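*Asks:* Let me see the structure of the following:
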Amino acid sequence: MKHAYTQLIATLRHWDYEYYVLDNPSVSDSHYDAAFRELLAIEAAHPDWVTPDSPSQRVGAEPISEFNKIEHRVKMLSLANAFSLEETYQFFEKAAKDLDIATDTLPIFSEPKLDGLAISIHYDNGLFSYAATRGDGQTGEDVSHNIKTIKSVPLQLATDNPPATLEVRGEVFMPKAAFAKLNSMAVETNGKTFVNPRNAAAGTIRQMDPKIAAGRDLRFIPYGIGDYQGDAEFMAHSQILDYLARLGFRKNAPCDSFLGSFAEFTRNYALMEQVRERLPMEIDGIVYKIDTLALQNTLGFIARSPKWAVARKFPAQLALTQLLEVDFQVGRTGVLTPVARLEPVFVGGVTVSNATLHNMDEIERLGLCIGDSVEIQRAGDVIPKISKVANIGAQRTAIIMPSVCPVCGAAVERTVGQAAYRCTGGLSCAAQGAERIRHYASRKCMNIINLGTKLIEVLYSKGILHTIADIYTLKASDIADLDGQGEKSAQNVLDSIKATKNTQLGTFIAALGIHEIGEESAKAIAKQFKNYPALISATYEDLLQVPDIGPVMAKNIVDFFADAKNQAIVQAIIDAGVNWPDVAADPAQAQPLAGQTWVITGTLSMPRDQAKAALEGLGAKVSGSVSKKTTAVLAGAEAGSKLAKAQELGVKVVAEEEFKKLLANYTSAELL
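*Replies:* Okay, the predicted model is just below:
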């Protein structure tokens, strides 16, 4: 009986592969449904037989209450964009120059750029483990419950020799036919319709209940791999895609192709533009990659994208409408941005009623006035913008920058030599409040992990949070009484806040959100002045002595700390117990871990970014993966594959208590 059950699973899995991957079903829907009902009957009688890779488990999960965060083992980067053939040429001409080879010899692989949602799917020893969104590239959200419902995602890899670890990266999308059906059903039931398939796919993946995702016919096509530990060896990107196809994933065929040479761009692009409308899914461009992995590795990456791949976007779609009004929005750093309010018009798959105008220089360049007829441009996910004035309005009104902030009434100033106008209200400006709090609590700043954007917005809208200092006066009742929260959630938030009170001076400076002062410049400032009193008393000339701090940044810092309201808010934070050690005066003594490489894994009592900053402050390099060159692994609770890898390679493992001792005695590296 159990053998028949195992065979039935294999049969259903094969039929899913034929239907959802090959688009070539060999049995009727009724035949498939009968076999699936038989599977459910057997599992009901023998629940102990059910395995995680059974087809029944695609919709077997209960609704989740929240999305957990997952840190990517290998960063998920985005692609650089090219909007013309010339820009595409320039991108690869630079790559060829960096490689010191002839441009026309570059081996290029072409893939349609699916208009969907980037997803990372992890397999351990061939079995589906978890799936996560891209997020910010470093940390995504666990969406395993919904990804498991996609039948083009194998729950078990189709191989007898699975890799120990495989991270498959690809695009989740909704076919055009499924999108039309979803919206048609929504209209019939007076439900919410989606503006395009990409929004529908993204909205579906964000559902808490996997049964919703299971009913929406999402698909998945891989475009590469991230973390990998297995026996297969790859020389080219195209080999990776062939390997994934053998494991049971769908290929982008017949649309993906090896061009062979750089000269094939024009023909390939023209062909894809012709067939675009006939494809069963939406695409918004073509991705061109250098196929040879050795060349990819030589080129490497810039901050957020590879230097060996570019997305050639299709031309923007245009429409005409009328400019009705211009509002001025105040951002986190106080910059006033003009936003056009338009007569609604359908363009690029969505109805557009607003468009950014960037700044007053752009308005002047366009010669734009309220009442004009304008041309709206939208390309893919690019924010709609006004590309030109089509017809001058009969009754025109000039667009004028307000002299005072429309929210707090503080004076609006324009920095000499810059296009931006800025509210001078600082931390006390209500329009900047929620964004400043979000920035302060974000992962790259104070890393208050349970104080997320949505909760901040609710607390701010209810008047519970006004400034960043109010974070430290939050009470459990402020949170527990909110919809969707409770006593446990409230306590988690308060615990997160408490855990971040011990920080670093550079981290705190960056968290204040001073205009143009980011993580690296904040670290440089902390290193120069070493303590907070010295910083707030620093003059403009003192600040110019800091490496990479120019006149504008120096003025921004002086102006920030000269504001009495800003000083009061910072002092309130310090009075609440937020503290940091003075930066060590002797750099030579403060670098005992110079030349060492550390890896952090598991859950620590301190924020991970704080541990990373501490290690970097001692001279260590912090890596995301374990290798023979790793000096030590800092392992917290529930450490997983990185800990196992360290033990396998004989790399030293340091528990958090031992790590804290190291920090307390950082002038000596004898613990290592």
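*Asks:* Does anything pack onto the one helix or strand Met272 maps to? Which helices or strands?
*Replies:* Taking DSSP states H and E as the criterion, Met272 maps to helix 265-275. With contacts defined as 3 or more CB pairs under 8 Å, 6 or more residues apart in numbering; DSSP states H and E, helix 265-275 has these neighbours: helix 85-99, strand 108-114, strand 283-290. C-betas here are computed from N, CA, C, even on glycine.
*Asks:* right, and those - which one's nearest Asn556?
*Replies:* Closest to Asn556 of the helices and strands packed on helix 265-275 is helix 85-99 (CB to CB; 33.5 Å).
*Asks:* Between helix 265-275 and the closest one, find me the angle.
*Replies:* Per axes from the mean of the first three to the mean of the last three CA atoms, to 10 degrees, the angle that helix 85-99 makes with helix 265-275 is 140 degrees.
*Asks:* can you pull the buried residues of the helix or strand harbouring Ser30?
*Replies:* Here Ser30, judged by DSSP H and E, is contained in helix 29-45. Buried residues in helix 29-45, defined by neighbour count with 16 or more other CB atoms under 10 Å: Tyr32, Leu39, Ile42, Glu43.
*Asks:* Check stretch 495-509 too.
*Replies:* Buried, per 16+ other CB under 10 Å, within stretch 495-509: Ser496, Ile497, Ala499, Thr500, Thr503, Gln504, Leu505, Gly506, Thr507, Phe508, Ile509.
*Asks:* same thing with stretch 218-231?
*Replies:* Applying 16+ other CB under 10 Å to stretch 218-231 flags Leu218, Arg219, Phe220, Ile221, Pro222, Tyr223, Ile225, Gly226, Asp227, Tyr228, Gly230 as buried.
*Asks:* Serialize the buried residues of helix 29-45 to TSV and add fields for pLDDT and distance to Val172.
*Replies:* Shown next, in TSV, are those (pLDDT from 0 to 100; distance: CB to CB, whole Å):
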residue	pLDDT	distance to Val172
Tyr32	78	23
Leu39	81	25
Ile42	82	31
Glu43	80	27
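*Asks:* ok, the residues you listed vs Gln90, which is closest?
*Replies:* Nearest to Gln90 out of the buried residues of helix 29-45 is Tyr32 (CB to CB; 50.4 Å).
*Asks:* give me every residue that touches the closest one.
*Replies:* Contacts for Tyr32 (CB atoms under 8 Å, 6 or more residues apart in numbering) come out as Leu12, Trp15, Tyr19, Pro25.
*Asks:* Generate a PyMOL selection restricted to the buried subset of the residues you listed.
*Replies:* Restricted to buried positions by 16+ other CB under 10 Å, the PyMOL selection for the contacts of Tyr32 reads:
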select buried, resi 12+15+19
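*Asks:* which one among the contacts of Tyr32 gets closest to Gln418?
*Replies:* Tyr19 (57.2 Å).
*Asks:* Using just helix, strand and coil, how would you label that closest one?
*Replies:* Using DSSP: H, G, I helix; E, B strand; the rest coil, the structure places Tyr19 in helix.
*Asks:* Hmm, Lys151 and it touching each other?
*Replies:* Yes. Counting by CB atoms under 8 Å, Lys151 is a contact partner of Tyr19 at 7.4 Å.
*Asks:* would you list the buried residues of stretch 218-231 in TSV and tack on secondary structure, pLDDT and distance to Ala158?
*Replies:* Formatted as TSV, the buried residues of stretch 218-231 follow (DSSP: H, G, I helix; E, B strand; the rest coil; pLDDT from 0 to 100; distance: CB to CB, whole Å):
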residue	secondary structure	pLDDT	distance to Ala158
Leu218	coil	94	20
Arg219	strand	94	18
Phe220	strand	96	15
Ile221	strand	94	16
Pro222	strand	95	14
Tyr223	strand	94	19
Ile225	strand	95	16
Gly226	strand	93	20
Asp227	strand	92	20
Tyr228	strand	94	17
Gly230	coil	92	14
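*Asks:* Reformat those residues as CSV; add distance to Ala270.
*Replies:* Shown next, in CSV, are the buried residues of stretch 218-231 (distance: CB to CB, whole Å):
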residue, distance to Ala270
Leu218, 30
Arg219, 26
Phe220, 28
Ile221, 23
Pro222, 26
Tyr223, 22
Ile225, 31
Gly226, 33
Asp227, 37
Tyr228, 35
Gly230, 39
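*Asks:* picking up where we left off before, among the contacts of Tyr32, show me the least confident.
*Replies:* Within those, Tyr19 has the lowest pLDDT, namely 72.
*Asks:* ok, it to Gly409 distance?
*Replies:* Distance, Tyr19 to Gly409, by CB to CB, to the nearest Å: 63 Å.
*Asks:* before we move on, back to that, name the residues of the helix holding Met272 that are buried.
*Replies:* Phe265, Asn268, Tyr269, Met272.
*Asks:* What's the biggest strand in the protein, counting residues?
*Replies:* strand 317-330 (DSSP state E).
*Asks:* related to what we said a few turns ago, distance to Leu182 for the helices and strands packed on helix 265-275 - can I get that in a markdown table?
*Replies:* Below are these laid out as a markdown table (distance: least, CB to CB, whole Å):
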| stretch | distance to Leu182 |
| --- | --- |
| helix 85-99 | 34 |
| strand 108-114 | 18 |
| strand 283-290 | 19 |
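*Asks:* who wins for proximity to His358 among the ones you listed?
*Replies:* helix 85-99 (20.5 Å).
*Asks:* The closest one vs strand 283-290, what angle?
*Replies:* Angle between the axes of helix 85-99 and strand 283-290 is 20 degrees (criterion: the same axes, to 10 degrees).
*Asks:* Run through the strands of the stretch 301-450 of the chain in chain order.
*Replies:* Secondary structure of the stretch 301-450 of the chain (DSSP state E, counting those that start in this stretch): strands at 309-313, 317-330, 336-347, 350-356, 373-378, 385-391, 412-414, 421-423.
*Asks:* Mean pLDDT for the ones you listed - can I get that in CSV?
*Replies:* Below are the strands of the stretch 301-450 of the chain laid out as CSV (pLDDT from 0 to 100):
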stretch, mean pLDDT
strand 309-313, 91
strand 317-330, 90
strand 336-347, 90
strand 350-356, 85
strand 373-378, 86
strand 385-391, 88
strand 412-414, 88
strand 421-423, 88
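*Asks:* Put together JSON lines for those, with mean neighbour count and distance to Glu66 on each row.
*Replies:* Formatted as JSON lines, the strands of the stretch 301-450 of the chain follow (neighbours: other CB atoms under 10 Å; distance: least, CB to CB, whole Å):
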{"stretch": "strand 309-313", "mean neighbour count": "23", "distance to Glu66": "32"}
{"stretch": "strand 317-330", "mean neighbour count": "17", "distance to Glu66": "30"}
{"stretch": "strand 336-347", "mean neighbour count": "17", "distance to Glu66": "32"}
{"stretch": "strand 350-356", "mean neighbour count": "16", "distance to Glu66": "29"}
{"stretch": "strand 373-378", "mean neighbour count": "20", "distance to Glu66": "33"}
{"stretch": "strand 385-391", "mean neighbour count": "16", "distance to Glu66": "36"}
{"stretch": "strand 412-414", "mean neighbour count": "16", "distance to Glu66": "40"}
{"stretch": "strand 421-423", "mean neighbour count": "23", "distance to Glu66": "35"}
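*Asks:* Nice, that's everything, thank you.
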